[in-house]
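Trainee: This is a predicted model, with the sequence first.
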Amino acid sequence: MRRFVIGRARNLLESSRQNHRFQRSLLSSSQSPHRFLSSTSPDSSPSSSSTMAPPVTLNTINPKVLECEYAVRGEIVTLAQKLQEEIHTKLEAHPFEEILYCNIGNPQSLGQQPITFFREVLALCDHPSILDKSETQGLFSADSIERAWQILDQIPGRATGAYSHSQGIKGLRDTIAAGIEARDGFPADPNDIFLTDGASPAVHMMMQLLIRSEKDGILCPIPQYPLYSASIALHGGTLVPYYLDEATGWGLEVSELKKQLETARSKGIAVRALVVINPGNPTGQVLAEENQKAIVEFCKQEGLVLLADEVYQENVYVPEKEFHSFKKVSRSMGYGEKDIALVSFQSVSKGYYGECGKRGGYMEVTGFGADVREQIYKVASVNLCSNISGQILASLVMSPPKVGDESYESYSAERDGILSSLARRAKSIASVGRV
C-alpha cells in the first residue's frame, strides 16, 4: 500500500515537473517578439489593439515567480477544485459526493471547533459595546469579559479596526513575551517580537533580509514544508538541502549539515542561515535536547542564523518526547544575544488552536544588532501592521486560561480533546505507513 501511494505521488510530481520544464523550454526558445500576437501582420498599424501584445506574459513577469513552486496549493488541488465544481453542478457526476482537502493543515474546514474562550474574547473585542450590557454576563464567561477589557485597554481608541504599531500592539507583545518566559524559564523582550499574519510572512521577511543574490544559500531540510523552497526561490536565493534520515526516525545529523555546508561553499555559495522545523513538518519528529544543542553549536561556529520553525510545538504525540524551544536550549548553554542570531516562528494556525483563517503569528528576533533590527522594522512597516484579530489570538495562545479561571475547565477539555484526536489520527496514519 505504502509503495503504491508513494509511486503514484512520484508519478504525479514527475509529470508536473516535466510539464513545468516543457513550458519553460517553450518560453526560452521563443525568438520572435510577436510570438503571442494575433495572426495580424506585424506591419499593421501600432494603433490597432488587435496587433498589440498583452502587457504581461510569462515572458515578461519576474522569472523568480516562474521558478517558485508551492505544491500544497498546486496542480493536484486545482484538479480537486475542478472535480468539486462538477459535483456541485451534477451530484452524480462522480462516484463520490465530497472531497476532503488534506493537502494543507486546515482543521476547522474538516470540522474541528475553535476554542470557546478564544472566540469569546475575539467577539467581545470586535463588538465592545456589548461589554456593558447585562445580557453579556449570562452569555460570556467572566474571565473572557475581563480579558477583553484588558486587551481593549491596550488598543488605542479600543478600535480593532484601526492600524496598530508595525510590530504589533505593545500590550499584546508584553503578554506574548511573558508566555515565552513562562515556557522557557528565560527572559523574553517584547521589543524582540514581531506580530505577523501567520508564520509565513515572517519567514518571507527573513528571507528578504538575508538573501542578496543567487549566491546566498539557505540550509533547508528535505523533506520540508514547501514554504521554505518557495520563499527562497521568490527572493532569488539558493536552497541548500540537507537530508533527514528516515531510518533513524527522520533524525537531523550535524554531520549531514557540515557535509552540505562544505559542498555549497565549494560551489561559491555563501550560506546565510539554517532552517530547522521542530517538531517536524511533514515528518513529525521531535528533536532531542542534546541534538538541539549540537545544532546551536554548529550555527554559532559557522556564523549561521538559526531559523527555528516551532509552530507545531503543541503537537507532540510520543510520551517520551518533549518540545524544547531553540531559545531555551541556546540560553541554557550560556549563549546570549551576542553569541547566536536566532529567529523563532509561532502561529495560531497549528497546535490545537487551528485558527488558520485568522492569520495570526509572530517571530521572536534575537541576536541581531540595532542597525539590522531597524531594517527589519522598516520591512515590517511597509506592510503597516498585521491584522488585529490575529494579534489578539497570538496573545491568547501564549496566555490561555489558568487554573482558577472560570473558563479553565472547559478550555482544558476542548484542548485535550483536540490533541487526543490529533494523536489518535497520527498513530492511525503511521500504522498505515508501516503496512
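Mentor: That came through, no problem.

Trainee: Report the contact partners of H165.
Mentor: C385 (C-beta atoms under 8 Å, 6 or more residues apart in numbering). The C-beta positions use only the backbone N, C-alpha and C, and glycine is treated the same way.

Trainee: Quick one, grab the pLDDT at it.
Mentor: Model confidence at H165, given as pLDDT, is 88.

Trainee: tell me the secondary structure for it?
Mentor: Recorded secondary structure, H165: coil (DSSP: H, G, I helix; E, B strand; the rest coil).

Trainee: For stretch 151-162, buried residues please.
Mentor: 151-152, 154-155, 160 (16 or more other C-beta atoms under 10 Å).

Trainee: got it, and stretch 139-155?
Mentor: 140-141, 143-145, 147-149, 151-152, 154-155.

Trainee: now, the most widely separated pair of these?
Mentor: Within the buried residues of stretch 139-155, two members stand farthest from each other by C-beta to C-beta: S141 and I155, at 20.9 Å.

Trainee: Count the neighbours of T238 for me.
Mentor: The tally of other residues near T238 (other C-beta atoms under 10 Å) stands at 20.

Trainee: Report the contact partners of it.
Mentor: T238 is in contact with 214-218, 232, 264, 269, counting by C-beta under 8 Å, 6+ apart.

Trainee: List only buried entries from those.
Mentor: 216-218, 232, 264, 269.

Trainee: returning to that earlier point: narrow the contacts of T238 to those in helices?
Mentor: Here DSSP state H is the test, and those give 232, 264 as lying in helices.

Trainee: In a markdown table: the contacts of T238, plus pLDDT.
Mentor: Formatted as a markdown table, the contacts of T238 follow (pLDDT from 0 to 100):
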| residue | pLDDT |
| --- | --- |
| E214 | 91 |
| K215 | 94 |
| D216 | 95 |
| G217 | 94 |
| I218 | 94 |
| I232 | 90 |
| A264 | 95 |
| I269 | 95 |
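
Trainee: And the contacts of T238, which is closest to P107?
Mentor: I232 (27.5 Å).

Trainee: Just to check, that closest one is in contact with L210?
Mentor: No. Counting by C-beta atoms under 8 Å, I232 sits too far from L210 to count as a contact (9.6 Å).

Trainee: hey, where'd the strands end up in the chain?
Mentor: 193-196, 216-222, 238-243, 270-277, 305-309, 342-347, 361-366 (DSSP state E).

Trainee: Now do the second one: everything it contacts.
Mentor: Going back to what we said before, that points to strand 216-222. In contact with strand 216-222 (C-beta under 8 Å, 6+ apart) are residues 207, 210-211, 228-229, 232, 237-244, 252, 257, 260-261, 264, 269-277, 280, 304, 307.

Trainee: Buried subset of these as a ChimeraX selection?
Mentor: Command for ChimeraX that selects the buried part of those, burial taken from 16+ other C-beta under 10 Å:
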select :207,210,211,228,229,232,237,238,239,240,241,242,244,252,257,260,261,264,269,271,272,273,274,275,276,277,280,304,307
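
Trainee: Which of the helices and strands in the chain ranks last by mean pLDDT?
Mentor: The helix or strand of the chain with the poorest confidence is helix 2-29; it has a mean of 45 (mean pLDDT, DSSP states H and E).

Trainee: nearest to Q108, of the buried ones among the contacts of T238?
Mentor: Once C-beta to C-beta is applied, the member of the buried ones among the contacts of T238 that ends up nearest Q108 is I232, at 29.5 Å.

Trainee: what sits against the closest one?
Mentor: 207, 211, 218, 220, 238-239.

Trainee: distance of it from V365?
Mentor: 19 Å (C-beta to C-beta, to the nearest Å).

Trainee: Next: N278.
Mentor: Distance, N278 to V365, using C-beta to C-beta: 18 Å.

Trainee: can you check S330 too?
Mentor: 14 Å.

Trainee: Ok, Y242 next?
Mentor: 23 Å.

Trainee: can you check A202 too?
Mentor: Taking C-beta to C-beta, one finds A202 at 9 Å from V365.

Trainee: Equivalent analysis for L58, please.
Mentor: Taken as C-beta to C-beta, the span from L58 to V365 is 37 Å.

Trainee: So between these two, which is more surrounded?
Mentor: More neighbours surround V365 than the other of L58 and V365, with 25 against 14 (other C-beta under 10 Å).

Trainee: That one: what's it in contact with?
Mentor: Contacts of V365 by C-beta under 8 Å, 6+ apart are 192-194, 343, 373, 376.

Trainee: same deal with A273?
Mentor: So A273 contacts 206, 210, 218-219, 304-307 (C-beta under 8 Å, 6+ apart).

Trainee: With distance to E337 as extra columns, can I get those in JSON lines?
Mentor: Listed next are these as JSON lines, based on distance: C-beta to C-beta, whole Å:
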{"residue": "M206", "distance to E337": "17"}
{"residue": "L210", "distance to E337": "18"}
{"residue": "I218", "distance to E337": "22"}
{"residue": "L219", "distance to E337": "22"}
{"residue": "L304", "distance to E337": "16"}
{"residue": "V305", "distance to E337": "13"}
{"residue": "L306", "distance to E337": "13"}
{"residue": "L307", "distance to E337": "17"}
